[in-house]
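Participant: this one's structure only:
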């Protein structure tokens, strides 16, 4: 008589590559890579769990859906810059220092976008991100854009201020900063890119090179004082 051996259970997944990282951080990291490589629609929670090395049920302990994971990833590309805006504007309330504040905010924003895992900024324009569930992200990005407009209008020359209302200037400035997302498609951004993009924001506001240089130096001092 042939004895049927009991079927073995599903083998456990491999342990995470960095045991010092929390499961939540590992999930975000894995999801970021998969979203960028395969798109949001083609990425499943099972794929994310397998990449992390956990069971799908364990993933749901941290995130209910993949959209919730994406919302958290998108937030990480905006919140640090918003926090920096609040800190800088608390230190620099006067119009005379608006150019330095704009440089500091733009430089910090470029650094944030340069460091987000797997260039998450590339997901901004995907159709799925327009869904209502991502309203909070769009509201935060809108607040950041509005801050650019306010600082830009204060820093701008009279000619630029007359030609570009704060709302339009904010749109242009945030798009200029987000050029770093495209740079990351071909190479890793460096400090020279940060300086070039932040300085270009000042030039967009009509500042000449002496004023750009002065604002850049003061902006660097602001950033150093906030580190």
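Facilitator: That came in fine, so what should we check first? Bear in mind the structure is a predicted one, so any value in this text is a computation, not a measurement. Numbers count the residues shown, from 1 in each chain.
Participant: Against which helices or strands is the helix or strand of the chain with the lowest mean pLDDT packed?
Facilitator: Within the chain, no helix or strand scores below helix 79-91, which has a mean of 86 by mean pLDDT, DSSP states H and E. Here helix 79-91 touches helix 98-115, helix 135-155, helix 209-226, going by 3 or more C-beta pairs under 8 Å, 6 or more residues apart in numbering; DSSP states H and E. The C-beta positions use only the backbone N, C-alpha and C, and glycine is treated the same way.
Participant: So which of these is nearest residue 75?
Facilitator: Ranking those by proximity to residue 75 (C-beta to C-beta) places helix 135-155 first, at 6.0 Å.
Participant: and the angle from the closest one to helix 79-91?
Facilitator: 40 degrees (axes from the mean of the first three to the mean of the last three C-alpha atoms, to 10 degrees).
Participant: What are the contacting residues of whichever helix or strand comes after helix 135-155?
Facilitator: Note on helix 135-155: by DSSP states H and E, the next helix or strand toward the C-terminus is helix 158-163. For helix 158-163, contacts defined as C-beta atoms under 8 Å, 6 or more residues apart in numbering pick out 153, 169, 204-206.
Participant: okay if I get those residues as CSV plus distance to residue 27?
Facilitator: Formatted as CSV, the contacts of helix 158-163 follow (distance: C-beta to C-beta, whole Å):
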residue, distance to residue 27
153, 41
169, 38
204, 39
205, 41
206, 45
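Participant: any chance of those residues in TSV, plus secondary structure, pLDDT and distance to residue 126?
Facilitator: Converted to TSV, those look like this (DSSP: H, G, I helix; E, B strand; the rest coil; pLDDT from 0 to 100; distance: C-beta to C-beta, whole Å):
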residue	secondary structure	pLDDT	distance to residue 126
153	helix	95	31
169	helix	97	26
204	helix	97	27
205	coil	97	31
206	coil	97	34
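Participant: Format these as CSV; extra columns: neighbour count.
Facilitator: CSV is the format used below for the contacts of helix 158-163 (neighbours: other C-beta atoms under 10 Å):
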residue, neighbour count
153, 21
169, 25
204, 18
205, 26
206, 17
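Participant: where does residue 125 land in three-state SS?
Facilitator: coil (DSSP: H, G, I helix; E, B strand; the rest coil).
Participant: burial measure for it, as a count.
Facilitator: Burial measure for residue 125: 9 neighbouring residues, criterion other C-beta atoms under 10 Å.
Participant: How about the one 10 residues further on?
Facilitator: Look at residue 135: counted by other C-beta under 10 Å, it has 12 neighbours.
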